[in-house]
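1. Provided below for reference: sequence and predicted model.
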Amino acid sequence: MDINIRQAVLQNVSGSSEEEITATIEDAISRKEEKMLPGLGVLLEVYWNEAEEQKRNELVQSITQGLS
């Protein structure tokens, strides 16, 4: 069985409102379940592909600071 996680996540959130996306992200983080990590990765990929270089740099800085 070949599962395309990226496609499944995108299909599940397609057409969602900003509030629904926020709730999805917050739910995934609060559950702290490993199985949620690929979905968050797909959403990060969407953000990264749409973001301008400045926003990408800000994100990387935030992540770096959070790891300190």
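-> Structure's in. What do you need?
2. Please compute how far the strand or helix carrying residue 24 lies from its chain's middle.
-> Secondary structure assignment for residue 24, by DSSP states H and E: helix 18-31. Between the centre of helix 18-31 and the centre of its chain there are 9 Å (C-alpha atoms, centre = their mean, to the nearest Å).
3. Spatially, what comes nearest to residue 51 if we skip its sequence neighbours?
-> For residue 51, ignoring the flanking residues on the chain, the nearest one in space by C-beta to C-beta, 6 or more residues apart in numbering is residue 59 at 7.1 Å. C-beta coordinates here come from the backbone N, C-alpha and C atoms, glycine included.
4. helices or strands up against the host helix or strand of residue 56?
-> Assigned by DSSP H and E, residue 56 falls within helix 53-67. Using 3 or more C-beta pairs under 8 Å, 6 or more residues apart in numbering; DSSP states H and E as the contact test, the elements touching helix 53-67 are helix 37-50.
5. Just want the angle from the helix it packs on to helix 18-31.
-> Per axes from the mean of the first three to the mean of the last three C-alpha atoms, to 10 degrees, the angle that helix 37-50 makes with helix 18-31 is 140 degrees.
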